[in-house]
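Asker: Return a 3D structure for these sequence lines:
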Amino acid sequence: MDKTVLKTNPDLANTNTTLVSAKNVCQVYDKGAAGSLAVLENVDVELRANEIVGLLGRSGSGKSTLLRAIAGLIRPSAGDITFQGKPVVGTSSEIAVVFQSFALFPWLTVMQNVELGLEAQGVPYEERRKRALAAIDLIGLDGFESAYPKELSGGMRQRVGLARALVVHPSVLLMDEPFSALDVLTAETLRTDILDLWCEGKMPIKSILMVTHNIEEAVLMCDRILIFGSNPGRVIAEIHVDLPQPRNRLGPMFRRLVEDIYARMTAKPAPSMKDGGFPGMGIAMALPDVSTNLMSGLIETIAAEPYRGQADLPPLATDLRLDISELFPVAESLQLLRFADIEGGDIKLTPAGLRFSDSEMDERKRLFEQHLATYVPLAAHIRRILDERPSHRAPAGRFRDELEDHMSEDYADRTLKAVTNWARYAEYFAYEDTADVFTLENPS
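Answerer: Predicted coordinates for the structure are as follows:
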C-alpha cells in the first residue's frame with residue numbers, strides 16, 4: 001500500500017470537526033505566604049478530527065499540565081475545556097491517555113491490564129475479552145496475553161499502555177511523551193508502527209494530541225505543532241506541517257521545518273537589560289541543574305572539528321543524540337555564563353568560550369569563577385553574605401526560602417543545587433551537605 005496517499009484516517013477525510021477546545025486555560029498553584037505560581041496562562045488549543053497535534057516545548061512549560069486538564073484528571077484554575085461542545089468534567093471514555101511511565105499494574109497480565117478500562121465500564125466478560133484480544137493483536141503483542149509487565153521490555157510495556165487506551169474506542173488519544181522512556185531504536189520502531197496504524201486507518205480514534213520534547217519527532221508525526229513558551233506556559237507559535245506521510249527526515253522541507261522550529265525556540269526575548277545584564281536576570285532566576293562536565297563537554301565539542309566554534313543546533317543535537325529538553329539547558333547555561341551565544345538556531349562560542357576550550361583545568365576554573373561571579377547574581381549574593389559574616393558560614397535554607405518567594409519548592413531546590421555545583425567547580429564557595437550550610441572553607 002502506498003501510504004503517501006493515506007496521510008491520515010480515511011474514514012475522517014475532509015472533516016474539520018472540532019473535537020477538543022481549550023480556551024483561556026490558566027493553571028495557578030497557591031503557595032500560601034509565598035504567593036502563587038502560574039503554570040499556564042491564557043492557553044487556547046483546538047484539536048480537530050483527522051489530525052495529529054503536537055505540544056512542543058521545554059520541561060516546565062506546562063504541556064503535561066494542559067494534557068492532564070484535557071483528560072479531565074485535573075481542573076484548571078480558569079478557562080474552559082470542552083469535548084464536542086460539552087464541558088470536560090472528570091475522565092471520559094471518549095478521551096484516553098498513554099503515559100510516559102507505562103503505568104501498568106505489575107500483578108496483572110497483559111490481557112488483564114488491557115481489559116481494565118472495559119471492566120470499569122461494566123463491559124461483559126466475553127465482549128471485553130474480544131476487544132482486548134483485538135487491541136493486543138493490533139499493537140503487535142499477540143502471544144503475550146498471559147505475560148506480566150516484568151517479563152516485557154520497555155517498548156512492549158508501552159505497547160500494552162497503548163492497547164489499554166485504544167480498547168475503549170476513544171475519539172481522542174492523548175500521549176504524554178510516550179517514547180521518552182525508551183531507547184532510540186525501540187522508540188523509532190514504536191513511533192513508526194503508530195504512524196502506520198494511523199495512516200492505514202486501523203486505530204479506532206479520530207485525533208491524537210501528543211506532548212513531546214523532540215523537535216524531529218514532532219515534525220515526523222504531527223500535522224500541527226504548537227510551540228510552548230515558559231514561565232508561565234503559553235502557546236508562542238503554531239506550525240502547520242504539510243508534508244505527506246511517510247516523511248523523509250533528510251528531505252529539504254523536513255530539515256527546513258526543523259531549522260525553523262529551532263530558531264523560534266532559541267529566539268532571544270526583546271532585551272530590556274542594563275549593560276552586562278542578562279534578560280530576566282536576578283537572584284531569583286531559575287537555573288537549570290546542568291553539570292559543569294556537560295558544559296565543558298559541549299564547549300569542547302563545538303570548538304573541535306567539524307564545528308570550529310559554531311554549530312547549527314539541529315545537526316548538533318542529532319550528532320549528540322540529544323533532544324531539546326537535554327540540549328537546550330546546557331546551551332542556555334553557556335549563554336548565561338557568556339561562554340556562548342545562541343541565535344537563529346545556531347550556537348557560537350564567545351572568545352571566553354574559545355579560551356575555556358584551549359585552557360588547562362586550573363585556568364578553566366579561574367575563568368568559570370569570574371563568569372559565575374559576574375553573570376549569576378545568586379552566586380554573587382551567596383558569596384557576599386559569606387564574605388560579610390565573621391564565621392563565613394550561612395545556612396542554605398536561608399537562600400532556599402528567598403528563592404521560594406519567587407518560584408516553586410522544586411525549582412528553588414533545583415536552582416540552589418545548580419549554583420552550588422557551579423560554585424564548587426569554580427571553588428567560589430563550598431557547601432556542607434550534612435549541615436546544609438554554605439561556607440568559604442575551600443576557596444583560597
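
Asker: Direction included, what does whatever helix or strand residue 342 lives in pair up with?
Answerer: Here residue 342 sits within strand 340-343, counting by DSSP states H and E. If you go by DSSP bridges, strand 340-343 pairs up with strand 346-349 (antiparallel).

Asker: And the next helix or strand past the partner strand?
Answerer: Where DSSP H and E defines the elements, the next helix or strand beyond strand 346-349 is helix 351-358.

Asker: Show me which residues of that next one are buried.
Answerer: 352-354, 356-357 (16 or more other C-beta atoms under 10 Å). No exception for glycine: its C-beta is placed from N, CA and C like everyone else's.

Asker: Now do it: which elements does it pack against?
Answerer: For helix 351-358, the packing partners by 3 or more C-beta pairs under 8 Å, 6 or more residues apart in numbering; DSSP states H and E come out as helix 292-303, helix 361-375.

Asker: circling back to that earlier point, list of residues touching the strand holding residue 342?
Answerer: For strand 340-343, the surrounding residues in contact (C-beta atoms under 8 Å, 6 or more residues apart in numbering) are 266-268, 299, 302, 313, 331-332, 334-335, 347-350, 353.

Asker: So among these, which ones count as buried?
Answerer: Among these, those scoring as buried are 266, 299, 302, 313, 331-332, 334-335, 347-350, 353 (criterion: 16+ other C-beta under 10 Å).

Asker: any low-confidence regions in the stretch 151-300 of the chain?
Answerer: For the stretch 151-300 of the chain, the stretches with pLDDT under 70 are 268-281.

Asker: 90 instead?
Answerer: 151-171, 176-205, 212-217, 229-234, 236-237, 245-252, 255-256, 258-294 (pLDDT under 90).

Asker: Assign a three-state SS to the residue nearest to residue 213 when sequence neighbours are not counted, would you?
Answerer: Closest residue to residue 213 apart from its sequence neighbours, by C-beta to C-beta, 6 or more residues apart in numbering: residue 325 at 3.8 Å. Under DSSP: H, G, I helix; E, B strand; the rest coil, residue 325 falls in the helix class.

Asker: Near residue 325, how many other residues are there?
Answerer: 16 (other C-beta atoms under 10 Å).

Asker: what's the span of stretch 85-99, first residue to last?
Answerer: End-to-end distance of stretch 85-99 (C-alpha to C-alpha, to the nearest Å): 26 Å.

Asker: Check the offset of that stretch from the chain's centre.
Answerer: In terms of C-alpha atoms, centre = their mean, to the nearest Å, the centre of stretch 85-99 is set 22 Å apart from its chain centre.

Asker: residues making contact with it?
Answerer: Contacts for stretch 85-99 (C-beta under 8 Å, 6+ apart): 20-21, 67, 69-73, 80-84, 117, 121, 158, 161-162, 165-166, 168-176, 178, 205.

Asker: In helices, which of these fall?
Answerer: 67, 69-70, 117, 158, 161-162, 165-166 (DSSP state H).

Asker: just to revisit the earlier point, just checking, which of the contacts of strand 340-343 comes out lowest on pLDDT?
Answerer: Least confident entry in those, by pLDDT: residue 268, with 60.

Asker: now, the most widely separated pair of the contacts of strand 340-343?
Answerer: The span of the contacts of strand 340-343, defined through C-beta to C-beta, is set by 267 and 299 at 22.5 Å.

Asker: how much space is there between the closest residue to residue 21 other than its chain neighbours and residue 52?
Answerer: The shortest distance from residue 21 to any non-neighbouring residue, by C-beta to C-beta, 6+ apart, is to residue 82 (4.9 Å). The spacing between residue 82 and residue 52, counted by C-beta to C-beta, to the nearest Å, is 20 Å.

Asker: Give me the more crowded residue out of the two.
Answerer: Remark: of residue 82 and residue 52, residue 52 carries more neighbours, 23 against 15, as counted by other C-beta under 10 Å.
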